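In: Need the 3D shape of this:
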Amino acid sequence: MNPGLLLLIITITTALVFDFLNGFHDAANSIATVVSTRVLTPRKAVLLAAFCNFIAAWFLGTAVAKTIGKGMIHLEDVTQFVVIAGLAGAIVWDLLTWWWGLPTSSSHALIGGYAGAALARHALNHGAGSAFSVIIPAGWTKTLIFIVIAPMIGFILAFVFTIASYWLLQHKNPRSVDNWFRRLQLISAAAYSIGHGGNDAQKTMGIVAGALFTAGYMTPYDMAHDWGRFKWPVILAAHAAIALGTYFGGWRIVHTMGSKITKLKPIGGFCAESAGALTLFGTALAGIPVSTTHTITGAIVGVGAVHRLSAVRWGVARRIVWAWILTIPASAAVAALVFWIIRLVHPAA
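Out: The predicted model follows:
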């Protein structure tokens, strides 16, 4: 087999493994609220989330994938080895935070790893002083800004939705309200899962497209026009991988998201999921690669804060925020180390 083709297959396989782990790690984003409110059993919730993650391919386009594929790192500084090292950094961080039960962002682990590997390659080839020239500022600016803005939007929308719901339904029978929101939560959970799949699967799609480009299988014209003949194979492979990962989801993080941050009822679950879904739909259509984890965490905190600030377990929230802060530099450091090891074995990497 052609060595270049073999390397491309290894790169794409690694990307799809990351995509699977993304779904596995982020299963809590899609199902924690609907499980914690006992609207669905864990098994049924996982099936719903996995199905919606897959069908998201037909709803939210590829704007985020294009940002990741060609809007974060200059493609002339990317090789197959950079992609593999970047994915390795993201995978290691995802597995560590899964083990610790922390709902960190697989998305930010991916872009951190991708950048770390590209920086390491440029530094080894041209010196550390010019390493940051590989970065495309516009793509990073909106991504870093939305690390803060996305959870704030989720928080504000969930806070407003919860207050409005309580005000409109204040004279209704609590049991009747509970029953209604149990039904409505099925819709909000499905919508959030579509937003999750439409946002997170696209990041892997962008990485795969970048790998195909650097291997010479995509032209600059293809990259600018929906990836030519590779469009649907890339889309379906990425969505299938994230759907399978969601199906085998990570229950450690479900427990943190669904019960440790604040106690949820069906009305709160509906408001959190609706707020998260609206945020993800808007950012996906705008091509902004936000963290689905950050978004739903902000929304859950917004629901808890309606009752009283003490309803939110701020100690748990503080650990989550620290994990958010560390995600990009930690995954970048791991990816840089992996690339350095690859360079020792393969000097032409």
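In: Would you mind putting the CA coordinates of the helix or strand hosting Val234 into PDB?
Out: Per DSSP states H and E: Val234 is located in helix 231-247. Provided in PDB are the C-alpha atoms of helix 231-247 (Å, rounded to 0.1, in the frame of the first residue of the first chain):
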ATOM      1  CA  LYS A 231     -18.700  15.900   1.400                       C
ATOM      2  CA  TRP A 232     -21.200  13.200   2.300                       C
ATOM      3  CA  PRO A 233     -18.700  10.400   3.200                       C
ATOM      4  CA  VAL A 234     -17.000  12.800   5.600                       C
ATOM      5  CA  ILE A 235     -20.300  14.100   7.100                       C
ATOM      6  CA  LEU A 236     -21.800  10.600   7.600                       C
ATOM      7  CA  ALA A 237     -18.700   9.100   9.000                       C
ATOM      8  CA  ALA A 238     -18.300  11.800  11.600                       C
ATOM      9  CA  HIS A 239     -22.000  11.700  12.600                       C
ATOM     10  CA  ALA A 240     -22.000   7.900  12.800                       C
ATOM     11  CA  ALA A 241     -18.900   8.000  15.100                       C
ATOM     12  CA  ILE A 242     -20.300  10.600  17.500                       C
ATOM     13  CA  ALA A 243     -23.700   8.800  17.600                       C
ATOM     14  CA  LEU A 244     -22.000   5.500  18.500                       C
ATOM     15  CA  GLY A 245     -19.900   7.200  21.200                       C
ATOM     16  CA  THR A 246     -23.100   8.800  22.600                       C
ATOM     17  CA  TYR A 247     -24.800   5.400  22.700                       C
END
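In: pLDDT of it, averaged?
Out: Helix 231-247 comes out with an average pLDDT of 88.
In: what about it, distance to the chain center?
Out: Computed by CA atoms, centre = their mean, to the nearest Å, the chain-centroid distance of helix 231-247 equals 14 Å.
In: Now do that helix: which elements does it pack against?
Out: With contacts taken as 3 or more CB pairs under 8 Å, 6 or more residues apart in numbering; DSSP states H and E, helix 231-247 sits against helix 3-25, helix 27-36, helix 42-55, helix 174-214. In this view, the C-beta of every residue, glycine as well, is placed from N, C-alpha and C.
In: Between these, which one is closest to Gly69.
Out: helix 174-214 (3.5 Å; CB to CB).
In: Can you tell me which helices and strands the helix or strand following that closest one packs against?
Out: As assigned by DSSP H and E, the chain's next helix or strand after helix 174-214 is helix 220-224. The contact analysis (3+ CB pairs under 8 Å, 6+ apart) places helix 220-224 against helix 174-214.
In: can you give me the offset of the helix it packs on from its chain's centre?
Out: Taking CA atoms, centre = their mean, the mean C-alpha location of helix 174-214 is offset from the chain mean by 10 Å.
In: With stretch 327-339 instead?
Out: What separates the centre of stretch 327-339 from the centre of its chain is 17 Å, taken as CA atoms, centre = their mean.
In: quick one, what contacts Ser106?
Out: 18, 21-22, 25-26, 90, 94, 200, 293 (CB atoms under 8 Å, 6 or more residues apart in numbering).
In: can I get those in a markdown table with distance to Ile242, pLDDT and neighbour count?
Out: Conversion of those to a markdown table gives the following (distance: CB to CB, whole Å; pLDDT from 0 to 100; neighbours: other CB atoms under 10 Å):
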| residue | distance to Ile242 | pLDDT | neighbour count |
| --- | --- | --- | --- |
| Phe18 | 10 | 87 | 28 |
| Leu21 | 9 | 82 | 23 |
| Asn22 | 6 | 79 | 30 |
| His25 | 10 | 70 | 30 |
| Asp26 | 8 | 69 | 33 |
| Ala90 | 14 | 88 | 34 |
| Asp94 | 13 | 79 | 25 |
| Asp200 | 6 | 83 | 36 |
| Thr293 | 14 | 77 | 30 |
